[in-house]
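>>> Let's see this in three dimensions:
(chains A and B, ligands or ions: 2)
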Amino acid sequence: MTAAISQRAIAVDAVGLSARCIPAAPCDLVVGGLVKRFGEATVLDGVGLSVPRGQSVALIGSNGAGKSTMLRCCLRLIEPDEGELNLLGQNIRALRSGALRQLRRRIGFVFQKHNLVPRNSALTNVLHGAIARTRSPRLWHQALASRQSREEAMACLDMVGLADLAERRADRLSGGQSQRVAIARTLMQRPAIVMADEPAASLDPVAAEEVMALLFGLMKKQGLTLIYTSHNLRHAIDYADRVVGLRGGRIAFDAASAGQDAASLEAVYG
Amino acid sequence: MADVAPAPARFERPSLLTFVMMVAVGAFVIVSFDGVGVSLSKAWDGLPAMGRLVERMFPPDFSRIASVGGALLETFQMAVAGTALGVLASIPLAILASRRHSPATPVYLAVRALISFFRTVPDLVWALIFVVAVGLGPFAGTLAIMIDTIGFCGRFFAEAMEEVEEGPQEALSGLGAGRLAVVFCAVMPAALPSLVATSLFSLEKATRSSVVLGLVGAGGIGIELKVAMEMFSYGQACTIILAVFLLVLAVEQASAWLRRRIL
Ligand SMILES: Nc1ncnc2c1ncn2[C@@H]1O[C@H](COP(=O)(O)OP(=O)(O)OP(=O)(O)O)[C@@H](O)[C@H]1O
Ligand SMILES: [Mg+2]
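Numbers count the residues shown, from 1 in each chain, chains lettered A, B, ... in the order given. Ligands and ions are numbered 1, 2, ... in the order given. Modelled structure (predicted):
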């Protein structure tokens, strides 16, 4: 079974879709030999992955395979133990706090739990997306923000179809609305790469489909790189150009999503 | 029915150490009664005197009501001003004293220690110190209340900040927000109800202690009560006690109402 998978992956490789970064599309993300241990347990054991600009990659794998850990390591929300990590041409592992913040600014991250600040309005939450652009505290709250920033935030809310809920407190939004506000916050970042960790996992099937389609559509429209994890194999196939499977701390599967079906991906969980 | 293991014993057998400690604590409680001269007969003999005192307190003497009112207002103002200053000072200190938000462990430990020191030294002692430092009067009492408030709010603010959900903070640091921005955008809004409730509790506490601080000359109505008692003007003392009772009750009710509205 595994042999069949890797053969398939190699076949795709030969076409040049997956691992190589062709000069026409520079790589936004290059991960090499990434190792992360939690105490005794080695969760990531030499993960390598290159993602060319504009590609949408679905990361799949069983519970505990290390998908979230990998995404968090890419932003250094948790520190990797070993390996190469290059984002937007910068070696993120070498960056110190100020430079790290400047790089993070250009990388959107959508969490499974939207992670909005509960007592603040949707608008304030979206404005926070731009918080790293300036040192001034004006973006801390919508009441202080400049007209320009407020308009940009409203435009971002409009892109996710929630301009009319700008004043609503984040803890009074539905799960789907919250996740869309979180996407608007990411847009406000004017990101170059967006990472999303199970962005649709806590949503009902209809809202999940909406959020995935929205995210995928926005990224394609702006030509942004998207890396997301999902347990929904349909989502992995429909909203990605490429599917990557993690297993035993390594990449066990890597192929173009076109032509895949759920059965062929299930092997990753075996 | 299948073979089921018998239910465990109702009470766990204490270990030898626990048993020895229980005996020691019990013995100390009994010795303490003796040490402070707790005596039923003395309390019984004191009852008539207590009764006579209460009798002489009534009817309350309202002749000096204006000056009592003034002193009461001053007492409350001490509590309000001291609490306000204390709450303001507690916010930056609490950030430094929150394990998750403090810039460095030595800073965290030092500020924690300072706050504990402020809390463990009683407010009356602070009042004595400030009376010497800034002289008799309400300013000394206000400073004492401020320090006491920092001891109380500093600790509970820090704990409220530590308990705030991790997710939004991670999201903001993930998009490049600095430490201060994370504290003010993700931590403060979430901790706000708890901060306000703690501040209101602190105001109640300050109102009660501002009454006592007058006894050492740190301003407020305490001195009036002391003088009235020493001059045997029990009617006046009664008025003062009633006034204090009303003030504390009003502050407690108002604060409880406000807390219900916020939470
Ligand atoms: N902070 C941590 N401390 C210790 N172990 C951790 C920590 N975070 C994750 N792990 C462990 O690392 C492994 C990978 O976790 P991770 O969350 O990356 O998996 P995942 O692929 O995202 O799983 P899921 O599909 O359930 O989200 C798990 O075994 C988990 O218990
Ligand atoms: Mg996960």
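
>>> how about the residues of chain B that lie near chain A?
B:165, B:167-168, B:170-178, B:181, B:184-186, B:189-190, B:192 (CB under 8 Å from any CB of the partner chain). All C-beta atoms are positioned from the backbone trio N, CA, C, and that covers glycine.

>>> List buried residues within these.
B:167-168, B:170-177, B:181, B:185-186, B:189-190 (16 or more other CB atoms under 10 Å in any protein chain shown).

>>> Give me the pLDDT value at residue 54.
This is for chain A. pLDDT for A:Gly54: 91.

>>> Switch to chain B, please.
For B:Val54, the pLDDT comes out at 85.

>>> now swap in A:Pro23 and tell me
pLDDT at A:Pro23 comes out at 54.

>>> Please enumerate the helices of chain B.
Assigned by DSSP state H, the helices in chain B fall at B:16-35, B:40-57, B:65-96, B:105-120, B:123-134, B:138-163, B:166-174, B:179-182, B:188-213, B:222-230, B:234-262.

>>> Okay, angle between the third one and helix B:123-134 too, please.
What it means is helix B:65-96. Helix B:65-96 and helix B:123-134 are oriented at 100 degrees to each other (axes from the mean of the first three to the mean of the last three CA atoms, to 10 degrees).

>>> Could you tell me which residues make contact with the closest residue to B:Val164 other than its chain neighbours?
Leaving out its chain neighbours, the residue that sits closest to B:Val164 by CB to CB, 6 or more residues apart in numbering or on different chains is B:Ala190, at 4.5 Å. Contact partners of B:Ala190, counting by CB atoms under 8 Å, 6 or more residues apart in numbering or on different chains, are A:Val117, A:Pro118, A:Arg119, B:Val164, B:Glu165, B:Pro168.

>>> can you rerun that using 10 Å?
A:Val117, A:Pro118, A:Arg119, A:Asn120, A:Asp171, B:Ala160, B:Met161, B:Glu163, B:Val164, B:Glu165, B:Pro168, B:Gln169 (CB atoms under 10 Å, 6 or more residues apart in numbering or on different chains).

>>> Now do it against B:Glu166, distance only.
In this view, B:Ala190 and B:Glu166 are 11 Å apart by CB to CB, to the nearest Å.

>>> tell me which parts of chain A are close to ligand 1?
A:Phe38, A:Val43, A:Gly61, A:Asn63, A:Gly64, A:Ala65, A:Gly66, A:Lys67, A:Ser68, A:Thr69 (CB under 6 Å from any ligand atom).

>>> What is the burial count for residue 107?
Just going to use chain A. 25 (other CB atoms under 10 Å in any protein chain shown).

>>> Hmm, no, I was thinking of chain B.
Burial of B:Val107 is recorded as 12 neighbouring residues (other CB under 10 Å).

>>> mind checking how far it is from B:Ser67?
Between B:Val107 and B:Ser67 the computed distance is 48 Å (CB to CB).

>>> try A:Leu75
According to CB to CB, A:Leu75 and B:Ser67 sit 66 Å apart.

>>> now do A:Ile183
Distance of A:Ile183 to B:Ser67, computed by CB to CB: 66 Å.

>>> and those two? which has more neighbours close in?
A:Ile183 (28 against 12).

>>> How confident was the prediction at the more buried one?
On pLDDT, A:Ile183 comes in at 91.

>>> and if you look at B:Met1?
So B:Met1 comes in at 56 (pLDDT).

>>> give me the number of residues near the closest residue to chain B within the stretch 101-250 of chain A?
Nearest residue of the stretch 101-250 of chain A to chain B, counting by CB to the nearest CB: A:Ala132, 3.0 Å away. Counted with other CB under 10 Å, residues neighbouring A:Ala132 total 22.

>>> Could you name the helices and strands sitting against the longest helix anywhere in chain A?
What stands out as the longest helix in chain A, according to DSSP H, is helix A:205-222. Applying 3 or more CB pairs under 10 Å, 6 or more residues apart in numbering or on different chains; DSSP states H and E, we find helix A:205-222 packed against strand A:56-60, strand A:107-110, helix A:147-159, helix A:175-188, strand A:193-197, strand A:225-229, helix A:233-238.

>>> which other residues reach the last one?
What it means is helix A:233-238. By CB under 10 Å, 6+ apart, the list of residues contacting helix A:233-238 from outside reads A:57-60, A:198-201, A:208-209, A:211-213, A:216, A:228-230, A:232, A:242-245, A:257-266, A:268-269.

>>> go again using 8 Å as the cut-off
Under the contact criterion CB under 8 Å, 6+ apart, helix A:233-238 has outside partners A:58, A:60, A:200, A:208, A:212, A:216, A:230, A:243, A:257, A:260-262, A:265-266.

>>> need these in TSV with distance to B:Gly26, pLDDT and neighbour count, can you?
TSV is the format used below for the contacts of helix A:233-238 (distance: CB to CB, whole Å; pLDDT from 0 to 100; neighbours: other CB atoms under 10 Å in any protein chain shown):
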residue	distance to B:Gly26	pLDDT	neighbour count
A:Ala58	67	94	26
A:Ile60	64	93	27
A:Ala200	61	88	27
A:Ala208	63	88	22
A:Met212	67	90	24
A:Phe216	71	92	18
A:Ser230	63	93	25
A:Val243	70	93	26
A:Ser257	74	88	19
A:Gln260	74	84	20
A:Asp261	74	84	10
A:Ala262	69	84	11
A:Leu265	68	85	21
A:Glu266	67	86	12
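
>>> which one among the residues you listed gets closest to B:Met146?
A:Ala200 (51.2 Å; CB to CB).

>>> Check the gap between the residue lying closest to B:Ser67 once chain neighbours are set aside and ligand 1 for me.
Nearest non-adjacent residue to B:Ser67, counting by CB to CB, 6+ apart: B:Glu224, 7.3 Å away. Distance, B:Glu224 to ligand 1, by CB to the nearest ligand atom, to the nearest Å: 60 Å.

>>> burial of B:Glu224, as a residue count?
23.

>>> now swap in the one 4 residues further on and tell me
When counting by other CB under 10 Å, one arrives at 21 neighbours for B:Ala228.

>>> pretty sure it is in contact with B:Gln236, am I right?
Yes. Contact criterion CB atoms under 8 Å: B:Ala228 and B:Gln236 qualify, at 4.3 Å.

>>> hmm, back to that, please identify which pair of the residues of chain A next to ligand 1 lies farthest apart.
Greatest spacing in the residues of chain A next to ligand 1, by CB to CB: A:Phe38 and A:Gly61 (16.3 Å).

>>> These two: which has the busier surroundings?
Higher neighbour count among A:Phe38 and A:Gly61: A:Gly61, with 22 against 12, using other CB under 10 Å.
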